[in-house]
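Trainee: Just a sequence and a predicted model for now, questions to come.
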Amino acid sequence: MKKYTGNPVSPGIALGKAFVYLDNNTSEVPRYSIQKNQLDSEWSRYLSANDKAIEELTALNVQAKRNMGKENADIFDAHLMMLEDTEFQGQIKERLETSLQNIEWVIKELSHEMSAMLMASQDAYLQERAVDVVDVLHRVMNKLLSVQKGALANLSEDVILVCRELLPSDALTMNKARVKAIVMDMGGATSHTAILARAFEIPALVGLSSVSKEINTGDTLIVNGVSGELIVNPEKSVQIKMEHERKHYYRRLGELRKLHNLPAETRDGYRVSLKANIQTPEEAEAVLRAGCEGIGLYRSEFLFLAAGRPSDEEEQFKAYSHVLKIMGDLPVTLRTADVGGDKLLPELQLSDERNPILGWRAIRVSLSQAEIFKTQLRAMLRASMFGNLRIMFPMISGIEELEQALAVLEEAKSELHKQGKAFAEAVPVGTMIEIPSAALTADILAEKSNFFSIGTNDLVQYTIAVDRGNEKVSYLAQPFHPAILRSLKQIIDAAHAKSITAAMCGEMAGNASFTALLLGLGLDEFSMNALAIPRIKWVIRNVTQESCGRLAKNALRCTSYRDVGRLVEDWTLSELGITNYDAI
Ligand code: PEP
Ligand code: MG
């Protein structure tokens with residue numbers, strides 16, 4: 001039995017068998033031991049990857065002969081011969097059986113040894129063959145890793161997914177019903193994969209540094225998404241204790257869900273709105289059941305990510321109108337696509353930006369791809385006929401960008417007019433405040449916005465200069481930082497000065513530790529993963545706005561995030577009688 005502690009980013013408790021997922025975005029080749037009874041399946045993985053590599057090489061060979069002439073294409077013949085050579089395959093198989101290591105590792109070792117041997121030879125011809133061996137085995141390796149990628153979508157057994165890093169696109173396409181928990185070496189609490197795990201209600205731990213190298217597929221794991229504990233191959237007594245905790249956790253969750261029909265109102269009558277964040281249209285029904293009062297953020301880019309390309313107008317119209325119909329009169333905030341950063345769209349973007357987080361992302365992509373942007377706005381506008389639509393722009397850095405986006409929206413409207421297609425004329429348009437330059441000019445942006453939605457995931461990332469997906473610096477991502485509190489106050493005050501709503505859709509809104517402070521700062525609307533709604537509602541219904549206001553005032557006088565944290569802890573104990581919000 002071995003124990004680790006990670007950063008719990010999605011609550012829940014799970015017990016199950018590990019599935020080590022080897023992502024191919026890394027130059028590191030994973031290594032783990034296998035049992036004798038896994039030899040056959042490991043060998044079939046190799047054969048399937050080898051077949052795919054042969055298929056690819058055959059196509060390349062035909063193409064090369066056509067374009068480069070037979071002589072230059074001979075190289076592909078040589079590579080093909082190597083992959084089809086039964087003696088060579090026998091060598092790999094023997095190595096697999098004697099080493100009992102995963103097939104990727106066997107291939108990596110073989111590739112190193114063979115190329116070193118060829119390089120050491122006196123014969124120039126043989127020396128040159130070293131690069132061919134590396135090349136050919138590299139191709140098989142890539143296939144092996146992508147064969148595994150497919151395996152994620154086709155999981156047929158319950159697993160606990162163990163990986164170095166899971167891309168949001170992988171999380172989106174994996175067979176979610178089979179993934180009982182996720183354990184990741186990398187990542188922070190506001191990384192998009194963590195956000196998806198919460199949306200799918202899959203317990204998750206991140207920031208476990210190299211655990212994916214230490215766990216083997218088939219190990220039994222306990223994942224505690226509340227305490228952050230990960231136990232590998234637990235003893236029976238530990239499993240029994242965990243089962244007890246699991247029952248208690250889900251019983252408490254059931255109790256909190258009974259608040260479902262009660263308003264989000266403080267004891268002294270201050271009413272706020274609790275909305276849900278969703279990533280896929282399919283989530284709409286579940287979040288409505290969870291008691292949300294609308295959708296505060298629909299991350300439309302996930303529609304594009306699932307398809308691997310920008311969706312066409314009809315596909316988008318179908319998805320948006322589905323959500324609007326389900327929500328009826330409740331507001332639905334559709335955010336225009338925020339691709340880029342960790343949400344790359346292969347058809348549009350390359351992964352070689354030096355600073356993707358500061359690069360071609362969100363509204364910047366939309367404004368430079370006007371047709372794609374307009375298509376999206378047309379689809380959104382048309383969907384407005386089915387419910388209560390709001391549109392919102394991500395990553396606005398200043399008034400110029402907001403004005404440009406509004407101009408494209410006007411173009412989309414006039415195109416629809418010309419086509420005689422119906423839409424609601426007065427759709428409210430909001431600005432996401434998630435870049436420090438937007439926070440500092442919130443008074444200017446408020447002039448042209450119908451509402452603000454504060455994206456604290458990015459606001460914290462850009463204000464404190466801390467990559468939200470990097471576990472090495474995640475200790476710095478502190479929403480209690482005085483810079484963040486001042487920023488929030490400035491944004492909320494600027495919204496209220498222009499009589500527009502101040503909403504928040506960053507993860508801070510769904511974390512009970514921050515609720516009282518946000519109430520005290522005057523936030524009107526909280527949007528979060530649906531799982532968090534009952535707990536946040538419980539806090540709201542058990543405090544007074546007056547006391548939260550005093551808390552916020554005192555917090556704004558603090559000089560460090562530690563001091564703010566202590567202040568909030570003391571306040572929580574005296575006001576709510578608890579030491580920790582997990583205890584709710
Ligand atoms: C945010 O940045 O807080 C936000 C809600 O947007 P996203 O997490 O999609 O970047
Ligand atoms: Mg954001």
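Mentor: Yes, it's here. If you're wondering where the values come from, they're calculated on a predicted model, not measured in any experiment. Numbering: from 1, shown residues only. Ligands and ions are numbered 1, 2, ... in the order given.
Trainee: for ligand 1, what are the nearby residues on the protein?
Mentor: Within the chain, the positions near ligand 1 by CB under 6 Å from any ligand atom are 297, 299, 338, 434, 455, 456, 457, 458, 505, 506. All C-beta spots, glycine's among them, are computed from the backbone N, C-alpha and C.
Trainee: Same list (those residues) but as CSV, adding secondary structure, pLDDT and neighbour count.
Mentor: Formatted as CSV, the residues of the chain next to ligand 1 follow (DSSP: H, G, I helix; E, B strand; the rest coil; pLDDT from 0 to 100; neighbours: other CB atoms under 10 Å):
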residue, secondary structure, pLDDT, neighbour count
297, strand, 98, 27
299, strand, 97, 23
338, coil, 97, 26
434, coil, 98, 26
455, coil, 98, 29
456, helix, 98, 25
457, helix, 97, 23
458, helix, 97, 25
505, coil, 98, 30
506, coil, 97, 27
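Trainee: filter these by proximity to ligand 2?
Mentor: By CB under 5 Å from the ion, the members of these lying near ligand 2 are 434, 455, 458.
Trainee: In the stretch 1-150 of the chain, which residue sits nearest ligand 2?
Mentor: residue 9 (16.3 Å; CB to the ion).
Trainee: host element of that residue?
Mentor: Assigned by DSSP states H and E, residue 9 belongs to strand 7-10.
Trainee: Next up, phi/psi of the closest residue to ligand 2 within the stretch 301-450 of the chain, please.
Mentor: Going by CB to the ion, ligand 2 is nearest to residue 434 of the stretch 301-450 of the chain, at 4.7 Å. Torsion angles at residue 434 (phi, psi; degrees, to the nearest 10) stand at phi -140, psi 10.
Trainee: do residue 84 as well
Mentor: phi -90, psi -10.
Trainee: which residues touch it?
Mentor: Counting by CB atoms under 8 Å, 6 or more residues apart in numbering, residue 84 makes contact with residue 54.
Trainee: what's the answer for residue 256, then?
Mentor: Applying CB under 8 Å, 6+ apart, we find residue 256 in contact with 534, 535, 537, 538, 584.
Trainee: if we can go back for a sec, so for the next helix or strand after the strand holding residue 9, what gets flagged as buried?
Mentor: From strand 7-10 onward toward the C-terminus, using DSSP H and E, the following helix or strand is strand 13-21. Within strand 13-21, the residues scored as buried using 16 or more other CB atoms under 10 Å are 13, 14, 15, 16, 18, 19, 20, 21.
Trainee: Let me know the pLDDT of the fourth one.
Mentor: Right, the one you point to is residue 16. On pLDDT, residue 16 comes in at 96.
Trainee: contacting residues for it?
Mentor: If you count contacts by CB under 8 Å, 6+ apart, residue 16 has them with 158, 159, 160, 180, 181, 220, 221.
Trainee: make it 7 Å
Mentor: Contacts for residue 16 (CB atoms under 7 Å, 6 or more residues apart in numbering) come out as 158, 159, 160, 180, 181, 221.
Trainee: tell me which of those residues is nearest to ligand 2?
Mentor: residue 181 (25.6 Å).
Trainee: quick check, the closest one in a strand?
Mentor: Yes - assigned with DSSP: H, G, I helix; E, B strand; the rest coil, residue 181 falls within a strand.
Trainee: who touches it in this structure?
Mentor: Residues in contact with residue 181, defined by CB under 7 Å, 6+ apart, are 14, 16, 160, 202, 203, 204, 223, 225.
Trainee: Now, those that are in strands?
Mentor: 14, 16, 160, 204, 223 (DSSP state E).
Trainee: In those residues, find the pair that's most separated.
Mentor: Farthest pair in the ones in strands among the contacts of residue 181 (CB to CB) is 16 and 204. Separation: 13.3 Å.
Trainee: Thank you, goodbye.
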